[in-house]
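> okay, predicted coordinates and the sequence, questions at the end:
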Amino acid sequence: MNLHQFWNDLVRYRIILLMLAPGVIFFLLFAYVPMVGIILAFKHYDYAGGVFGSPWNGLANIRFFFESGDAWRVTRNTALYNIAFIIVNNLLQMFTAIFLFEVGGKWFRKITQTIMFLPYFISWVVVGAIAYNLLNTDIGTVNALLKGLGMEPVDIYNTPAYWPYILVFVSAWKMLGYGTVMYLAAITSIDTEMYEAAEIDGANIFQRMLRVTIPNLYPTIIILTLLAVGNIFRGDFGMFYNLIGNNGVLFSTTDVIDTFVFRSLITTNEIGMSAAAGVYQSILGFTTIMVVNYAVRKYDKDRALF
Amino acid sequence: MSKSSGIKQTDRQLFAVIGYTILAILACLCIIPFILILSSSLTEESSIVVKGFQFFPSEFSLEAYQILFKYPDQMLKAYTVTILVTAVGTALGLLLTAMTAYCISRRDFKWRNHFSFFFFFTTLFNGGLVPWYLLMVNYLHLKDTPLALILPLLLNVFYIIVMKSFMSAIPEAITESAKIDGAGDFLIFIRLILPLSKPALATIGLFLALGYWNDWYNALLFISDQNLMPLQYYLYKMLGNMDGMRKAMMGSGAVVTTIIPTEGLKMAMTIVASGPILIAYPFVQKYFVQGLTIGAVKG
């Protein structure tokens, strides 16, 4: 490529480049500039020095993060929660979509689908209020029901063991409508001739579901799972923070990398360690995406993300 | 729907029973929490304290709402902030998303793949929360400014990709013929591409608006000024710190001697904060469905 040609292209695409400028500046500033800030993980941050003037302190932040014992806990929690979310949510959404598609009654379908989409539209703060309403030890609905049945109330907010189930349930609840639509779109695009052929072969409705519908959903399942697996080390901060907040009693089963990074930055003000944990998360995430994408490419080129 | 009558009738009936039951249960699970919140907000406080939150108010009371609307200043401020941020953010974000997507959808633009990758890469790798936070606060000085609520959600790579795949489906001949007629790139975008992209614009606009309306995270990070608190963050504060908010709500001069129905007030505030969404969502839902369907076809 010579300079003259490059100059000509610049002139030729000047309007397009001008139109791209805001977007490019935005991502340059808010996504690429912070990448430079990764050096903070290797610095002892002080306000006077800022990002560039603060003194280096080598791997101390990273060592501190790993020696604190939090690293393993938050990594494990983040990964396990996301794996549970991927499996439970996808299965639930897929079967809900199949039922919505197969069950008759236009009104019934419409109403149930609308209701199931409701949780997606509300903020995590409202979900937090709902969780409080249900789970509060003294006045929560769950305990009111238990008391009504003559059973002992349960101290849910102080019992870590319950939270994996609660969080998986809440995630499934909030994302049900959204994911169901994705699967419904995929089911609607299945060639009806396949169903007719299955019928001629004498398939009953369960066989038709297992042999025609579900295999035809594999591409959708794969792409949704792929996208989710790439984010396996990224916790949904809104969910964890609004349901658990800073309740240290529950951290053993609820602390994820994102809540840990946030707490270190805002609450305890350990900027260096927070940055180190953030970099650790980014590298884990990047590696996962690359490995998964490579594996999928080997298996089937068209299914890969890039 | 494919209603193949040939499929064995008993299986179909069994399937229908299972299907109806499961869907009905799921729908109930999705709506019951909202009924609970509503009924709790309408229950007499003393009854909540003794019996807990209930499905049906045993002692009906509008007190929580009365108190909420008696001192509406802070709530109205929060509503105003949220509405303004949502309006400005959605309009600006939509324009920039469409413009960016248009550029990388133009097949005759030589560097479109380079720019696409430039955007896409930010979803693969990032600097983490800390450098971004310090950039916003220490270098751009956006703490306690409306921009801190608008900028973080302004552009989203996923939306750009969805918009781009929609625009790529617009026949190239349209752009070509406009060019022959002497239209510039910007004019083509405004006069031809935008009107043809209405479905995608509606979808992405709704996604953006919902994101802004429900945002509390950026307020949590960047807003401490009471005048700039958006609605969801105000609710968050109120759920966590009733005493502080009670004072804020009533103004520093007011005498806070009356017994405030704390629990009922929390639930009433939740209803008021999500109210507009709850009313609007059945109408906007179908656009979401259309948009998700477009997105699902090309991931």
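Sure, I can see it.
> confirm that residue B:209 lies within a helix, as I assumed.
Yes: when DSSP: H, G, I helix; E, B strand; the rest coil is applied, residue B:209 is found to be in a helix.
> wait, it touches residue B:88, no?
No: at 11.1 Å, residue B:209 does not count as touching residue B:88 under the criterion of C-beta atoms under 8 Å. For the C-beta atoms, the positions are set from N, CA and C on the backbone; glycine is no exception.
> which one's more surrounded, those two?
residue B:209 (20 against 16; other C-beta atoms under 10 Å in any protein chain shown).
> skipping its backbone neighbours, what lies nearest that one in space?
residue B:90 (4.6 Å; C-beta to C-beta, 6 or more residues apart in numbering or on different chains).
> I'd like the next helix or strand past the helix or strand that neighbour falls within.
Following DSSP states H and E, one finds residue B:90 within helix B:73-105. Where DSSP H and E defines the elements, the next helix or strand beyond helix B:73-105 is helix B:112-124.
> next structured bit after that following helix?
The helix or strand immediately downstream of helix B:112-124 is helix B:129-134, counting by DSSP H and E.
> tell me which residues in that following helix are buried?
B:129-134 (16 or more other C-beta atoms under 10 Å in any protein chain shown).
> also stretch A:256-266?
A:256-265.
> repeat for stretch B:14-28
Within stretch B:14-28, the residues scored as buried using 16+ other C-beta under 10 Å are B:15-16, B:19-20, B:22-23, B:26-27.
> residues in contact with that stretch?
Stretch B:14-28 is contacted from outside by A:95-96, A:99-100, A:102-105, A:108, A:111-112, A:115-116, A:176, A:205-206, using C-beta atoms under 8 Å, 6 or more residues apart in numbering or on different chains.
> one more: stretch A:263-281?
Residues contacting stretch A:263-281 (C-beta under 8 Å, 6+ apart): A:37-38, A:40-41, A:43-45, A:57, A:60-62, A:64-65, A:68, A:71, A:74, A:233-234, A:246, A:257-258, A:260-262, B:127-131, B:133-134, B:221.
> not counting its neighbours along the chain, what's nearest residue B:163?
residue B:101 (3.7 Å).
> ditto for residue B:234
Per C-beta to C-beta, 6+ apart, closest to residue B:234 is residue B:78, 4.0 Å.
> same deal with residue A:58?
For residue A:58, ignoring the flanking residues on the chain, the nearest one in space by C-beta to C-beta, 6+ apart is residue A:42 at 6.4 Å.
> got a list of what that neighbour touches?
Neighbours of residue A:42 in contact, by C-beta under 8 Å, 6+ apart: A:56-59, A:61-62.
> pretty sure residue A:131 is touching residue A:243, no?
Yes: with contact defined as C-beta under 8 Å, residue A:131 counts as touching residue A:243 (5.2 Å).
> returning to what we had before: so which of the contacts of stretch B:14-28 reach chain B?
Among those, proximity to chain B is found for A:95-96, A:99-100, A:102-105, A:108, A:111-112, A:115-116, A:176, A:205-206 (C-beta under 8 Å from any C-beta of the partner chain).
> who wins for neighbours among the residues you listed?
Counting by other C-beta under 10 Å, top hit in those: residue A:112 with 27 neighbours.
> OK, contacts around that residue?
A:100, B:23-24, B:26-27.
> mind running it again at 10 Å?
A:96, A:99-100, A:103, A:105, A:177, A:180, B:20, B:22-28, B:30-31 (C-beta atoms under 10 Å, 6 or more residues apart in numbering or on different chains).
> can I get the buried residues of helix B:129-134 in a markdown table with pLDDT and distance to residue A:289?
Below are the buried residues of helix B:129-134 laid out as a markdown table (pLDDT from 0 to 100; distance: C-beta to C-beta, whole Å):
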| residue | pLDDT | distance to residue A:289 |
| --- | --- | --- |
| B:129 | 95 | 19 |
| B:130 | 95 | 21 |
| B:131 | 96 | 20 |
| B:132 | 97 | 20 |
| B:133 | 96 | 24 |
| B:134 | 95 | 26 |
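> could you dump these to a markdown table with distance to residue A:122?
Converted to a markdown table, those look like this (distance: C-beta to C-beta, whole Å):
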| residue | distance to residue A:122 |
| --- | --- |
| B:129 | 24 |
| B:130 | 30 |
| B:131 | 31 |
| B:132 | 26 |
| B:133 | 26 |
| B:134 | 32 |
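> would you mind giving these as JSON lines with distance to chain A added?
JSON lines is the format used below for the buried residues of helix B:129-134 (distance: C-beta to the nearest C-beta, whole Å):
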{"residue": "B:129", "distance to chain A": "5"}
{"residue": "B:130", "distance to chain A": "4"}
{"residue": "B:131", "distance to chain A": "2"}
{"residue": "B:132", "distance to chain A": "4"}
{"residue": "B:133", "distance to chain A": "6"}
{"residue": "B:134", "distance to chain A": "6"}
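> low-confidence ranges, the stretch 1-150 of chain A, go.
A:1 (pLDDT under 70).
> the helices in it, which residues?
Along the stretch 1-150 of chain A, counting by DSSP state H, counting those that start in this stretch, helices occupy A:3-12, A:14-27, A:33-36, A:50-53, A:60-67, A:70-102, A:106-121, A:124-135, A:141-148.
> and the second one, what's buried?
Applying a neighbour-count criterion of 16+ other C-beta under 10 Å, one finds A:16-17, A:19-20, A:22-24, A:26-27 buried in helix A:14-27.
> so which of these is the closest to chain B?
Ranked by distance to chain B (C-beta to the nearest C-beta), the buried residues of helix A:14-27 are led by residue A:23 at 3.6 Å.
> name the nearest residue to the closest one, sequence neighbours excluded.
Excluding the flanking residues, the one nearest residue A:23 by C-beta to C-beta, 6+ apart is residue B:100, at 3.6 Å.
> for the stretch 101-250 of chain B, give me the ranges with low pLDDT.
Using pLDDT under 70, the stretch 101-250 of chain B drops low at B:242-250.
> the nearest residue to residue A:75 once chain neighbours are set aside: what's it in contact with?
Take residue A:75 and drop its neighbours on the chain: the residue closest to it by C-beta to C-beta, 6+ apart is residue A:257, 6.7 Å away. The contact partners of residue A:257, taken as C-beta under 10 Å, 6+ apart, are A:70-71, A:73-75, A:77-79, A:233-235, A:237, A:277-278, A:280-281, A:284-285, B:128.
> re earlier: and the gap between the residue nearest to residue A:58 and residue B:134?
15 Å (C-beta to C-beta, to the nearest Å).
> how near is residue A:260 to residue A:78?
To residue A:78, residue A:260 is 9 Å away according to C-beta to C-beta.
> so what sits against both of these two?
A:235, A:281.
> could you count how many residues lie near residue A:83?
Counted with other C-beta under 10 Å, residue A:83 comes out at 13.
> report the contact partners of it.
Neighbours of residue A:83 in contact, by C-beta under 10 Å, 6+ apart: A:228-229, A:232.
> quick one: which of those residues sit in helices?
Of the positions in the contacts of residue A:83, A:228-229 sit in helices, assigned by DSSP state H.
> what values do phi and psi take at residue 236?
Because you didn't say which chain, this covers chain A. Main-chain torsions, residue A:236, degrees, to the nearest 10: phi -80, psi 100.
> chain B is the one I meant
phi -60, psi -50.
> that one contacts residue A:124, correct?
Yes: with contact defined as C-beta atoms under 10 Å, residue B:236 counts as touching residue A:124 (9.0 Å).
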